[in-house]
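S.K.: Based on what follows, work out the 3D shape:
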Amino acid sequence: MIGKLTGAYAGEAGGGAIVVDAGGVGYLVRVPPADIVDAKLAEGDPIELFIHTAVRDDAIDLYGFPTREELSFFKLLMSVSGIGPKTALGILTVADVPSLKRAVAAGDATVLSKIYGIGKKSAERIVVELKDKLSKEQVALGIAGTVSGIPVDADVLEALEALGYSGVEARQALKSVPRDVTDVRQRLAAALKHLGTPSHKII
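M.R.: Next up, the predicted model:
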């Protein structure tokens, strides 16, 4: 069982996977596409990924994440009935973990319904199950209430995409917005400023 891979980025392998060269062995790892784009990795660059190993009858698949938080949320997603590793990875491609947690805490299934294969009713069911699991997780960690303090980015992401920006561009812009800016309009304005679009022309 592999828990973490440290090595060199050896390029993309197609199908949302990359190759990590660790000790002369090339490991095929499936990752959220935006994580690689955001990191702007070139072949030979050092890379460290926290790994989930999915064992099937005919294959062993590796799923990698740059942070423990992403890996933890990925596993939490898979604990929901009907969600396998591929669907969980798909969910992590539409928004970052803080945004997803906030959407779940607010009972907003809009983000999940954007994923191919997840209908409105399924998205709502997933949100209900995740909300309960997140609440239990926060209580267990002794940090109940912190989820509600995460900025709301689902609406901002949707607005940026409606303006023609890609999901990757929107996520990169939002990473530049301070976490203490919690108002949706202010976060959108800050993201647009980062992207070079005058916010007064939009808002």
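S.K.: in the protein, which segments are predicted with low confidence?
M.R.: 34-39, 116, 135-154, 197-203 (pLDDT under 70).
S.K.: quick one, strands of it?
M.R.: Applying DSSP state E to the chain gives strands spanning 4-14, 17-22, 25-30, 46-55, 60-65.
S.K.: right, and these - which one's nearest Ser99?
M.R.: strand 60-65 (15.6 Å; Cβ to Cβ). In this view, the C-beta of every residue, glycine as well, is placed from N, C-alpha and C.
S.K.: what does that closest one rub up against?
M.R.: 2, 5, 18, 20, 27-32, 35, 49-54, 71, 74, 85, 89 (Cβ atoms under 8 Å, 6 or more residues apart in numbering).
S.K.: can you rerun that using 7 Å?
M.R.: 2, 5, 27-31, 49-54, 71, 74, 85, 89 (Cβ atoms under 7 Å, 6 or more residues apart in numbering).
S.K.: Now which of these would you call buried?
M.R.: The neighbour count (16 or more other Cβ atoms under 10 Å) marks 5, 27-31, 49-52, 54, 71, 74, 85, 89 as buried among the contacts of strand 60-65.
S.K.: Pull out the buried positions in stretch 7-21.
M.R.: Gly7, Tyr9, Ala10, Gly16, Ala17, Ile18, Val19, Val20, Asp21.
S.K.: Please tell me how far it is from the chain's geometric centre.
M.R.: 18 Å (Cα atoms, centre = their mean, to the nearest Å).
S.K.: cool, and stretch 49-64?
M.R.: 18 Å.
S.K.: Pull up the distance across it, start to finish.
M.R.: 5 Å (Cα to Cα, to the nearest Å).
S.K.: Same question for stretch 77-94.
M.R.: 14 Å.
S.K.: List the contacts of it.
M.R.: Applying Cβ under 7 Å, 6+ apart, the set of residues contacting stretch 77-94 is 30, 32-34, 52, 54, 61, 63, 70, 74, 100, 111-112, 114-115, 126, 129-130, 133, 167.
S.K.: quick one: the helices in the chain?
M.R.: 33-39, 68-78, 85-91, 97-105, 120-141, 154-162, 167-175, 184-195 (DSSP state H).
S.K.: Packed most tightly, which of those helices would that be?
M.R.: Greatest average neighbour count among the helices of the chain goes to helix 97-105 (a mean of 22), per mean count of other Cβ atoms under 10 Å.
S.K.: helices and strands around that helix, which ones?
M.R.: Other helices and strands packing on helix 97-105, by 3 or more Cβ pairs under 7 Å, 6 or more residues apart in numbering; DSSP states H and E, are helix 68-78, helix 120-141, helix 154-162.
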